[in-house]
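Trainee: Build me a model from this:
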Amino acid sequence: MQDPKREIASVVQQLTATSSPDVQKAAIERYMTPDVAFRHPVCQVNSGPKSREELLGIYQWYRVLSPHIDIRVESVVFDEEKNLLFLEGVQWFKMFFLPNMIAPSPSHLIIRLTLRKENNLYYIAKQEDFYHTDEFAALLLPPAVPLVRLGLGLATIVSNILARSAQVIGIWRPKGIPKAPESDAGTEDLYNFDKAN
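Mentor: Numbering: from 1, shown residues only. Okay, here's the model as predicted:
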């Protein structure tokens, strides 16, 4: 890619939503490094000499599982200094064996791409996909979504009960309302612990 921020939406379409396996294969070979790495909630490919071929197999199986995929890239942020590209998107995915009465589920995801620049072109060297737990469950097993959401709600309740229990014995207990800082003075070294001490 010459201009990753402008071109990435088209690359995503070629990788995930194309109707041609040849277009998908050509996109992986064109836009990804031979040693590309991949992280996903259900699989991963470690960087190595043949990792692009392994990733192609995952993308091909993805299309077998869901013969029709829609995806929309809603925002793109490119950190040119660190060669990172962040995408926010929504995809509609439905496994081929699910009954027709179950509609494709929309799921929001964040994709973090680590790019490598070679000969004035950017290539994807690592892809990481992040999903909301309940929306990811909707992709795999739609009837499980209410149970996943119940589990998330229960985890919230338990977290609050345990936090309050810890505060009763003096752990992480607020002592009152802190004064608002008058300026940003002193925050410049907030994340540089060694310099501050």
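Trainee: alpha carbons only for contacts and neighbour counts from here, please
Mentor: Will do.
Trainee: List the residues that contact Leu84.
Mentor: By CA atoms under 8 Å, 6 or more residues apart in numbering, Leu84 lies in contact with 78, 112-115.
Trainee: Skipping its backbone neighbours, what lies nearest it in space?
Mentor: Distances taken as CA to CA, 6 or more residues apart in numbering put Thr114 closest to Leu84, at 4.8 Å, once the chain neighbours are dropped.
Trainee: Only the buried residues of the strand or helix carrying the one you found, if you could.
Mentor: In this assignment (DSSP states H and E), Thr114 forms part of strand 105-118. Of all the residues in strand 105-118, those buried under the rule 16 or more other CA atoms under 10 Å are 105-116.
Trainee: residues in contact with stretch 115-129?
Mentor: 1-4, 31-33, 35-41, 83-85, 109-114.
Trainee: related to what we said a few turns ago, would a markdown table of the buried residues of strand 105-118 with pLDDT and distance to Val145 be doable?
Mentor: As requested, the buried residues of strand 105-118 are exported to a markdown table (pLDDT from 0 to 100; distance: CA to CA, whole Å):
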| residue | pLDDT | distance to Val145 |
| --- | --- | --- |
| Ser105 | 80 | 11 |
| Pro106 | 89 | 13 |
| Ser107 | 92 | 12 |
| His108 | 95 | 15 |
| Leu109 | 95 | 17 |
| Ile110 | 97 | 20 |
| Ile111 | 98 | 22 |
| Arg112 | 98 | 25 |
| Leu113 | 98 | 28 |
| Thr114 | 98 | 31 |
| Leu115 | 98 | 34 |
| Arg116 | 98 | 38 |
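Trainee: Tell me the one of those nearest Arg173?
Mentor: Using CA to CA, Ile110 comes nearest to Arg173 of the buried residues of strand 105-118, at 34.0 Å.
Trainee: and the nearest residue to that closest one once chain neighbours are set aside, how far is that from Lys94?
Mentor: Excluding its sequence neighbours, the residue lying closest to Ile110 (CA to CA, 6+ apart) is Glu88, at 4.7 Å. Distance, Glu88 to Lys94, using CA to CA, to the nearest Å: 20 Å.
Trainee: Which one's more surrounded, the two?
Mentor: Lys94 (25 against 16; other CA atoms under 10 Å).
Trainee: What ranges does the chain have for its helices?
Mentor: Assigned by DSSP state H, the chain shows helices spanning 4-12, 21-31, 51-65, 133-140, 145-168, 193-196.
Trainee: Would you single out the least confident of those?
Mentor: Across those, helix 193-196 has the smallest mean pLDDT, namely a mean of 52.
Trainee: ok, now how distant is Lys175 from Gln167?
Mentor: From Lys175 across to Gln167, the span is 10 Å (CA to CA).
Trainee: what's the answer for Leu15, then?
Mentor: Taken as CA to CA, the span from Leu15 to Gln167 is 50 Å.
Trainee: The two: which is more packed in?
Mentor: A side-by-side neighbour count of Leu15 and Gln167, using other CA under 10 Å, places Leu15 first with 21 against 13.
Trainee: Leaving out chain neighbours, which residue sits closest to that one?
Mentor: The nearest residue in space to Leu15 (CA to CA, 6+ apart) is Gln24, at 4.9 Å.
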